[in-house]
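# how would this look folded up:
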Amino acid sequence: MNKTTPHQRSVIFVDVDNTIISGPFESAVFPIILREMAAKSGLAIDKIRRLIVKENIDRQQDPTVPAIVAMDWDDIVEVVASRLGFRISEKVIDIVRTHARPPYSHVLDDAKSILKQIANPHRVLVAVTKGLAKYQLPILDALELTNLFTDILTPDKNSALKKELAFYGKWPHLTEFQISVGDHYEDDVIAPRAFGFKTIWIPDREEGLNEQMQALSPFERPPNYSYQDNLQIRPDAIILSLQELPKVVEQIEAEYFNRGQSTFHIDSRKA
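Here you go, the predicted model:
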């Protein structure tokens, strides 16, 4: 990964799954794990999947559960299997490593090129993901994305989930301006907005947007989007693909810095 410099004033937090990559969990991990669990339990695959997802969600919502435990898929699968009365032989980590490359994992929207476009001496590019490092780094390495980032933040990096400011570690303190980019509304829009970050949201690519929304600029889309659950918190911009990201980042930064809001002074002891 790249090293930070004392001239970097803004940080771009870039989500990983479904933002810059499609990983092997849906294409390989869950199919392999669920087949074994279904065969040993006699339960339907869909029911087992619901049990696994519920265990993960329950852990994330329980403040007494450490972030690392909440997102440890091997532990989650083992616990669910134990409750069903058997042990599972497959390991999530092994499946991930074996399937970290295409066709099971691939880069989305020409992300490698886009990240290189937004790389700039005054910016820090930081990958952010709820996946533990042991699951995510093999994929980022295999897809040759790791070295495009100054840092990669995972729950085991700062013992926190993305909904917590602690997850972001030193970067909000070392930079003057922060932008979050991602597809998960709670993690990549709601939480970052609460921390004072600007937010760029990528809705479900498969769902898409209607022609009217497509015709609007990324900054015109947020007030016109049909949000679920009557969400009141809006992103600063909505992009349809990463191709729109470089110009949006530039415009958000320009609006901030050109308004004279800059009061940031680099502490050379921290840089």
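# contacts for the worst-scoring helix or strand of the chain on mean pLDDT, please.
Lowest on mean pLDDT, DSSP states H and E among the helices and strands of the chain sits helix 211-215, with a mean of 84. Applying Cβ atoms under 8 Å, 6 or more residues apart in numbering, the external contacts of helix 211-215 come out as 221, 224-225, 238, 240. The C-beta positions use only the backbone N, C-alpha and C, and glycine is treated the same way.
# tell me the strands beside whichever helix or strand comes after that helix, with direction?
For helix 211-215, the following helix or strand on the C-terminal side (DSSP states H and E) is strand 237-238. When pairs are called by DSSP bridges, strand 237-238 turns out to pair with strand 198-201 (parallel).
# what lies in contact with the strand it pairs with?
With Cβ under 8 Å, 6+ apart as the test, strand 198-201 has contacts from 177-183, 185, 188-189, 192-193, 218, 222, 235-239, 245, 248-249, 252, 256.
# could you do stretch 149-163 as well?
Under the contact criterion Cβ under 8 Å, 6+ apart, stretch 149-163 has outside partners 1-4, 13-14, 60, 66-68, 70-71, 115, 124-134, 136-137, 140, 146, 166-169, 171, 184, 186-188, 191.
# one more pass at 7 Å, please.
1-2, 4, 60, 66-68, 70-71, 124-133, 136-137, 140, 166-169, 186-187, 191 (Cβ atoms under 7 Å, 6 or more residues apart in numbering).
# could you name the helices and strands sitting against the helix or strand residue 137 falls within?
Element membership for residue 137, per DSSP H and E: helix 133-142. Under the contact criterion of 3 or more Cβ pairs under 7 Å, 6 or more residues apart in numbering; DSSP states H and E, helix 133-142 touches helix 92-98.
# make it 8 Å
For helix 133-142, the packing partners by 3 or more Cβ pairs under 8 Å, 6 or more residues apart in numbering; DSSP states H and E come out as helix 92-98, strand 151-153, helix 155-158.
# what lies in contact with the longest one?
Right, helix 92-98. Applying Cβ under 8 Å, 6+ apart, the contact partners of helix 92-98 are 23-25, 28-29, 32-33, 73-74, 77, 134-135, 138-139.
# do you know the pLDDT at the closest residue in space to residue 62 that isn't next to it in sequence?
Leaving aside its sequence neighbours, residue 62 sits nearest to residue 70 (Cβ to Cβ, 6 or more residues apart in numbering; 7.7 Å). Residue-level confidence at residue 70 comes out at 98, pLDDT.
# same deal with residue 143?
On the pLDDT scale, residue 143 is placed at 98.
# okay, and which of the contacts of helix 92-98 map to helices?
Counting by DSSP state H, the contacts of helix 92-98 place 24, 32-33, 73-74, 77, 134-135, 138-139 in helices.
# and the furthest pair within the contacts of helix 211-215?
Farthest pair in these (Cβ to Cβ) is 224 and 240. Separation: 13.4 Å.
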